[in-house]
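>>> turn this into a model:
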Amino acid sequence: MSRVRLVVRGRVQGVGFRYAAVDQARRLRLIGWARNLPDGAVEIVAEGPDADVQALQQWAQRGPPSARVLRVEESAAPSDELGPEFRVRF
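Numbering: from 1, shown residues only. Coordinates of the predicted model:
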């Protein structure tokens, strides 16, 4: 099991990135959340089997078709409770 925090930068707000991330994460059976940040980025915190977390990390490099990802910053995720399923966080 692993947990990761991703900050996705580029044209990622207003293009359905959060909801596409939720769909992708749920398909991978991960728990966590995605939210918009005030600076225009999208933050994702995900937990699950290593291979599935890596699959989400790879997906985040491109995102949905309407997004234009410039870079993805990866760091240690907070140790807060993530809940039973992946969701959009406001």
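>>> let me know the distance separating residue 36 from residue 65.
Note on residue 36: its distance to residue 65, by CB to CB, to the nearest Å, is 19 Å. (Each C-beta comes from the backbone N, C-alpha and C, glycine too.)
>>> out of the two, which sits in the busier spot?
Comparing residue 36 with residue 65 by neighbour count (other CB atoms under 10 Å), the higher total belongs to residue 36, at 17 against 8.
>>> need the contact list for the residue nearest to the more buried one when sequence neighbours are not counted.
With CB to CB, 6 or more residues apart in numbering as the measure, residue 13 is the residue that lies nearest to residue 36, at 5.3 Å, once sequence neighbours are left out. For residue 13, the set of contacting residues under the criterion of CB atoms under 8 Å, 6 or more residues apart in numbering consists of 36, 40-42.
>>> show me the strands in the chain, by range?
Listed from the start of the chain, the chain has strands (DSSP state E) covering 2-11, 31-36, 42-48, 68-75, 86-88.
>>> tell me what the fourth one is packed against?
Here strand 68-75 is seen to pack against strand 2-11, helix 50-60 when contacts are counted using 3 or more CB pairs under 8 Å, 6 or more residues apart in numbering; DSSP states H and E.
>>> again, only this time at 7 Å
Applying 3 or more CB pairs under 7 Å, 6 or more residues apart in numbering; DSSP states H and E, one finds that strand 68-75 makes contact with strand 2-11.
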